[in-house]
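**Student:** Compute the structure for the input listed below.
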Amino acid sequence: MVKIAPSILSADFCHLGRDIERVSSADWLHVDVMDGMFVPNISIGVPVVQSIRRHTGMFLDTHLMVEKPGRYVEAFAKAGADLLSVHLEADMPPAIHAALDQMEALGVKKGVVLRPITAAEAVIPYLKRGIDLVLVMTVEPGFGGQSFMADQLPKITAIRGYIDQYCSGCDLEVDGGVNSETARLCVAAGANVLVAGSAVYGAADPAAAIASLRA
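**Tutor:** Numbering: from 1, shown residues only. This is a model prediction of the structure:
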């Protein structure tokens, strides 16, 4: 079954608890952490994740859009993240592997993320070691509300093949411009987790929007 992970980047931060409740029918909650360096914008940090964890039992899918993410793995794990995903472009490969080792030691699920410019085969060494998630960005990271980049669909298909070959239990997530139409393209390409921000929070009925994404 396809998992839906609404992104709180599109929520009303003055009413974040309310907006988390509005998407409680979803499978995961996607938390975008931006540092103003790896991406231009700054979003939320450890104290907000701690507050979210106290408010909800939903699975917290925490996407670290930060330089040298290994510096923050322990803090976000202790704050209550269930899964941490780090960009392959955010540090050198040995440091990314070390960050994944930290996640494993701390008991959180571990994932890697690819920007649109990064080739599909970059995930192979990480799949061979064993990870829980690959996230393919179908927009440039750092901004909500962007249009879906259809040229990333072949990358999703290629990564699904690598997952089937090297790490069959790994989830394949897509983030960026996902709506009821592009969701079908992503699933057909091999994705099984869909992040959606404005498509959910911009809808009059978020629960209905979540159900439409699953359809």
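**Student:** For the protein, just list every one of the strands.
**Tutor:** 3-6, 28-34, 59-65, 83-87, 109-114, 133-137, 171-175, 193-196 (DSSP state E).
**Student:** Quick check: beta-bridge partners of the most centrally placed residue in the chain?
**Tutor:** In the chain, the residue lying closest to the centroid (CA atoms, centre = their mean) is H63, at 5.0 Å. When assigned by DSSP bridges, H63 has beta-bridge partners D32, S85.
**Student:** That one and P47: what is the separation?
**Tutor:** 17 Å (CB to CB, to the nearest Å). The C-beta positions use only the backbone N, C-alpha and C, and glycine is treated the same way.
**Student:** same question, S25
**Tutor:** 27 Å.
**Student:** same question, A150
**Tutor:** A150 is 37 Å from P47, by CB to CB.
**Student:** What is the neighbour count of N179?
**Tutor:** Neighbourhood size, N179 [other CB atoms under 10 Å]: 18.
**Student:** Let me see the contact set for it.
**Tutor:** 148, 196, 199, 213 (CB atoms under 8 Å, 6 or more residues apart in numbering).
**Student:** more neighbours, S25 and P47?
**Tutor:** Higher neighbour count among S25 and P47: S25, with 14 against 9, using other CB under 10 Å.
**Student:** Surely that one touches A211?
**Tutor:** Yes. Between S25 and A211 there is a contact under CB atoms under 8 Å: 7.5 Å.
**Student:** V66 and G36 touch, don't they?
**Tutor:** No. Counting by CB under 8 Å, V66 does not reach G36; the two are 9.1 Å apart.
**Student:** for this structure, what spans make up the helices?
**Tutor:** 16-21, 46-55, 73-79, 93-106, 124-129, 153-166, 180-189, 198-201, 206-214 (DSSP state H).
**Student:** Of all these, which one is nearest L172?
**Tutor:** helix 153-166 (5.8 Å; CB to CB).
**Student:** Show me what that closest one is packed up against.
**Tutor:** helix 124-129, strand 133-137, strand 171-175, helix 180-189 (3 or more CB pairs under 8 Å, 6 or more residues apart in numbering; DSSP states H and E).
**Student:** picking that back up, of the contacts of N179, just say which sits nearest to L84.
**Tutor:** Looking across the contacts of N179 and measuring by CB to CB, the closest to L84 is A196, at 20.2 Å.
**Student:** how much space between the residue nearest to M58 when sequence neighbours are not counted and S147?
**Tutor:** Excluding its sequence neighbours, the residue lying closest to M58 (CB to CB, 6 or more residues apart in numbering) is L29, at 4.4 Å. The gap separating L29 from S147 is 24 Å, by CB to CB.
**Student:** right, and V39 touches V139 too?
**Tutor:** No. Contact criterion CB under 8 Å: V39 and V139 do not qualify, at 11.2 Å.
**Student:** so who does the closest residue to S212 other than its chain neighbours touch?
**Tutor:** Residue nearest to S212 in three dimensions, not counting chain neighbours: S180, with 4.5 Å by CB to CB, 6+ apart. Contacts for S180 (CB under 8 Å, 6+ apart) come out as 199, 209, 212-213, 215.
**Student:** Give me the pLDDT for S180.
**Tutor:** Looking at S180, its pLDDT reads 92.
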